[in-house]
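>>> Here is a sequence with its predicted model. Questions after.
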Amino acid sequence: MDRQPSDDVLMGRIATGDAPAFRLLLDRHLAAVTAFCYRQLGDRSEAEDAAQDTFLKVWQAAAGWKPEAKPTTWIYRIAVNQCIDRHRKRRPQADLDAAADVASAEPNPEQAAARADLDRKVRTAMEALPERQRLALVLCHYQGLSQAEAAEVLGTGVGAVESLLGRARRELKKLLAADIAQMKEKVA
Amino acid sequence: MNADGKDRTEMGPTGVPDGRGGDRIVDWLDRWGADLAAWPDQAAAGEARRMIDRDSVAQAHWAEARALDGLLDTAAVPEPSADLADRILAKAMAIPPPNDVVSLAGTGRRRHLGWPSLALAASLVMGLVVGVGVSPDTFDGWLGGTTVYAADYLGFGSLEVVE
């Protein structure tokens, strides 16, 4: 029986300089961390750089990871700091090429254009949120972290995360009111 | 709405949800999203389900929350470059492995103890030893007392100092 080692086991190995363990950790979490960075930075190239720096810090600092913290929580905490640093250094820009790439997967050109337009609106609305609100929403809604895990990543309490999520959703409901009305008809 | 068609429980006299029930489900939906099964408080989720079953306004709030979640899910993320993992691995191999770094207690940060630091420390020790050895001759007794005092202070007091 070939059981895959847990993330905790991998972290222990990485702390001793085990490159294959590091590769396995990359295979498991790189896509999610890159997606997280993309949702924060809005630029594919910047997101890949942030994800790269996140994992290089994981490699260098693995010995400092403590087993009481979930490895993914710890990795996201590093990624959050990477994104905050980069976000503050420059104004984020919408990656229109990436949106076009995604949209081109649609078979119908009209659907593709509508999809790209919706994508742009949602990303613009997300971009308009205060940083902490956006972080909380991305961690919980897109990355699937629990409120408790997001609280650990953000270094705050569960109540504060729920408050951030509440304010983020209320703001998005205002910013995307027309699109929500259309979507309501679809999901009804 | 209930099986008996009554939804008075959560509605005020004018048909607007009463402050308690209506506001409460909106607050829950904003905090935890439209997927009731994923709520951290399943007692609240059960209460929300009952409200949605019998209250058209609660249903409208839930539909709005589902629409928002659905809208968020339409925002696509491009796939990372195919060689990104290879690039990261290559860069990681080019820097010192984790067991060559020393933890800064409590912070999780690391610093490297590279050869410049070690060379500097070695040169400081050598300088002290040589300095203690030659200073009496160099200054011809001018700082003799001070030298002995300094040697004691630095832990070289057992060395024989030639005055």
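Everything's here; your move.
>>> Residue B:81 reaches residue A:48, doesn't it?
Yes - contact criterion C-beta atoms under 8 Å: residue B:81 and residue A:48 qualify, at 6.2 Å. For the C-beta atoms, the positions are set from N, CA and C on the backbone; glycine is no exception.
>>> ok, the residue lying closest to residue A:180 once chain neighbours are set aside - how many residues close by?
Distances taken as C-beta to C-beta, 6 or more residues apart in numbering or on different chains place residue B:67 nearest to residue A:180, at 4.6 Å, with adjacent residues excluded. Per other C-beta atoms under 10 Å in any protein chain shown, the neighbour tally for residue B:67 reads 23.
>>> What of the one 10 residues further on?
For residue B:77, the count of nearby residues is 19 (other C-beta under 10 Å).
>>> Work out which residue lies at the spatial centre of chain A.
In chain A, the centroid-proximal residue (C-alpha atoms, centre = their mean) is residue A:36; its distance is 1.6 Å.
>>> Now do the contacts for that residue.
Taking C-beta atoms under 8 Å, 6 or more residues apart in numbering or on different chains, we find residue A:36 in contact with A:76, A:79, A:83, A:138, A:139, A:142, A:143.
>>> Can you pull the phi/psi pair for it?
phi -60, psi -50 (degrees, to the nearest 10).
>>> which residues of chain B fall in helices?
Taking DSSP state H as the criterion, chain B carries its helices at B:19-32, B:42-54, B:56-74, B:84-93, B:115-139, B:144-153.
>>> Out of the contacts of residue A:36, the closest to residue A:172 would be?
Ranked by distance to residue A:172 (C-beta to C-beta), the contacts of residue A:36 are led by residue A:138 at 12.1 Å.
>>> Spatially nearest residue to that closest one (excluding sequence neighbours)?
Nearest to residue A:138 is residue A:39, by C-beta to C-beta, 6+ apart, at 4.7 Å.
>>> Could you do residue A:79 as well?
In space, not counting the residues next to it along the chain, residue A:79 is nearest to residue A:54; the distance is 4.5 Å by C-beta to C-beta, 6+ apart.
>>> Next, the angle helix B:56-74 makes with the helix or strand residue A:33 falls within.
Element membership for residue A:33, per DSSP states H and E: helix A:19-41. Counting by axes from the mean of the first three to the mean of the last three C-alpha atoms, to 10 degrees, helix A:19-41 lies at 120 degrees to helix B:56-74.
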